[in-house]
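Visitor: How does the following fold in three dimensions:
(one chain, ligands or ions: 1)
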Amino acid sequence: MEGVMTQPLIRAASKLGLVDRWMTPFWRVTSSPVKKSKLKQWFAPFVDSGLPVTAQLMGEDAEMITRVAEELLKLGASDINLNFGCPSGQVVRHGCGGGMLKRIKDLILLFARVKKSLAGVPVGIKIRSGFDEINLAWLQELSLDDSDKIFFHYRLVKEAYLPFPFKTALRRFAEVRNVIPNSWLIANGDIDTLSKMTDVLKLGFDGIMTGRGWLRNPSLLMQMTGICPAQTDEHFWRKELFLNTLIEAEKDDFFTFSRGNAIELAILIWGAGNPVFQRLIKNDGKVTDDATLLRSMINEFDELLLARK
Ligand SMILES: Cc1cc2nc3c(=O)[nH]c(=O)nc-3n(C[C@H](O)[C@H](O)[C@H](O)COP(=O)(O)O)c2cc1C
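Guide: Numbering: from 1, shown residues only. The predicted structure is shown next:
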């Protein structure tokens, strides 16, 4: 997830065994040549985890996408994913991400071109149900290989992150599974409990992808693989993930992790108004700079969480 996936978070989650593979946030491909050193730096924390990494790209220029993809494959990416789902206004205005769902013919052509030039490499896509109305039939026109995966977020692009009852998600999941019964299909959107995950897998999905749901319930994927018992206290893993992210960030002197990153992460893990968040936004005069504040939080952590009760 763009903005949230800081290097310390990736290192912490990988070390804690909370994930078994990564998909990067999107790398925006434009017509300008890419600086290889910048790409390498961006990709390093994922590939250094030792886990398989899907590199996600966003753009509309097949030749440039291919070039960047080739670099990432050299750096160790296991496969490539093209983002056709991002609902951000800025992205959509440029006709990329979710904006491509308004131009299905171009999307299919772009996919076919990238696929052809990356012969033999698995290339997947991340999509939503449609742009402003459900539109899934086109998926049958994609020339997918057996190893190409479709990551399906159930909302429309124009629905952004509107809340829905989970039965809406299940209805749309069932719909897309019917359209492409034989392709690799991964469900995404609001899957944050073992029971939701089980309901989705019962529909015949090949896997689940989770973003915000995983931050709220970091042991979710371990529960799925049976590594961690379902009843494990989710508060424990929230704390572990946040605290270990701070500890990893301290190792590089909070160079890649700011107070703003900590605030964003605390909100996604616990919601706004929690004691960790409160501590991060209040300057009580004891600390002078952000790194000192984050360092002091590592020591105060148990106290902070007790304040929640
Ligand atoms: C801050 C933020 C950044 C995101 N960045 C990406 C991204 O770079 N690529 C992507 O495919 N999805 C991205 N997403 C979408 C998530 O992958 C996912 O589709 C969405 O959050 C719904 O799943 P969830 O309910 O499990 O979070 C992002 C979501 C958020 C909230």
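Visitor: domains of the chain?
Guide: Annotated domains of the chain cover 19-217, 234-306 [automatic domain parsing].
Visitor: With distance to the ligand, mean pLDDT and mean neighbour count added, can I get those domains in CSV?
Guide: Placement of C-beta: from N, CA and C, glycine included. Formatted as CSV, the domains of the chain follow (distance: least, Cβ to the nearest ligand atom, whole Å; pLDDT from 0 to 100; neighbours: other Cβ atoms under 10 Å):
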stretch, distance to the ligand, mean pLDDT, mean neighbour count
domain 19-217, 3, 96, 18
domain 234-306, 8, 87, 16
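Visitor: got the residue ranges for the strands in this structure?
Guide: Remark: strands assigned in the chain by DSSP state E are 22-28, 53-58, 79-84, 123-128, 149-153, 184-188, 207-209.
Visitor: Please convert the domains of the chain to TSV, extending it with distance to residue 227.
Guide: Below are the domains of the chain laid out as TSV (distance: least, Cβ to Cβ, whole Å):
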stretch	distance to residue 227
domain 19-217	9
domain 234-306	12
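Visitor: Look up how far residue 255 lies from the nearest residue to residue 262 once chain neighbours are set aside.
Guide: Nearest residue to residue 262 in three dimensions, chain neighbours excluded: residue 280, at 5.5 Å (Cβ to Cβ, 6 or more residues apart in numbering). Counting by Cβ to Cβ, to the nearest Å, the gap from residue 280 to residue 255 is 18 Å.
Visitor: How about residue 188?
Guide: Distance, residue 188 to residue 255, using Cβ to Cβ: 32 Å.
Visitor: Residue 132 now?
Guide: Using Cβ to Cβ, one obtains 42 Å as the distance from residue 132 to residue 255.
Visitor: cool, and residue 133?
Guide: Using Cβ to Cβ, we find residue 133 at a distance of 45 Å from residue 255.
Visitor: Also residue 282?
Guide: Distance, residue 282 to residue 255, by Cβ to Cβ: 24 Å.
Visitor: now swap in residue 120 and tell me
Guide: According to Cβ to Cβ, residue 120 and residue 255 sit 38 Å apart.
Visitor: again with residue 281
Guide: Taken as Cβ to Cβ, the span from residue 281 to residue 255 is 22 Å.
Visitor: Residue 47 touches residue 73, doesn't it?
Guide: No. Using Cβ atoms under 8 Å, residue 47 is not in contact with residue 73; the gap is 11.0 Å.
Visitor: Tell me where this structure has helices.
Guide: In order along the chain, the chain carries the following helices (DSSP state H): 7-16, 36-48, 62-75, 89-93, 104-117, 166-179, 194-202, 212-216, 220-225, 234-251, 259-270, 275-281, 290-306.
Visitor: would CSV of those with distance to residue 158 be doable?
Guide: Rendered in CSV, the data for the helices of the chain read as follows (distance: least, Cβ to Cβ, whole Å):
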stretch, distance to residue 158
helix 7-16, 30
helix 36-48, 30
helix 62-75, 25
helix 89-93, 9
helix 104-117, 16
helix 166-179, 14
helix 194-202, 23
helix 212-216, 19
helix 220-225, 28
helix 234-251, 32
helix 259-270, 23
helix 275-281, 30
helix 290-306, 37
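Visitor: quick one, what contacts the residue lying closest to residue 113 once chain neighbours are set aside?
Guide: If the residues on either side of it in the chain are set aside, residue 113 comes closest to residue 62, at 3.7 Å by Cβ to Cβ, 6+ apart. Residues in contact with residue 62 (Cβ atoms under 8 Å, 6 or more residues apart in numbering) are 110, 113-114, 117.
Visitor: Now tabulate these in TSV and tack on distance to residue 260.
Guide: Compiled in TSV, these are given as follows (distance: Cβ to Cβ, whole Å):
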residue	distance to residue 260
110	34
113	38
114	34
117	39
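Visitor: and of these, the nearest to residue 155?
Guide: If you rank the contacts of residue 62 by distance to residue 155 using Cβ to Cβ, residue 110 comes first, at 22.1 Å.
Visitor: OK, contacts around that closest one?
Guide: By Cβ under 8 Å, 6+ apart, the residues touching residue 110 are 60, 62, 65, 82, 100.
Visitor: Mind putting the strands of the chain into TSV with distance to residue 235?
Guide: Written out in TSV, the entries for those read as follows (distance: least, Cβ to Cβ, whole Å):
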stretch	distance to residue 235
strand 22-28	24
strand 53-58	29
strand 79-84	32
strand 123-128	30
strand 149-153	27
strand 184-188	25
strand 207-209	22
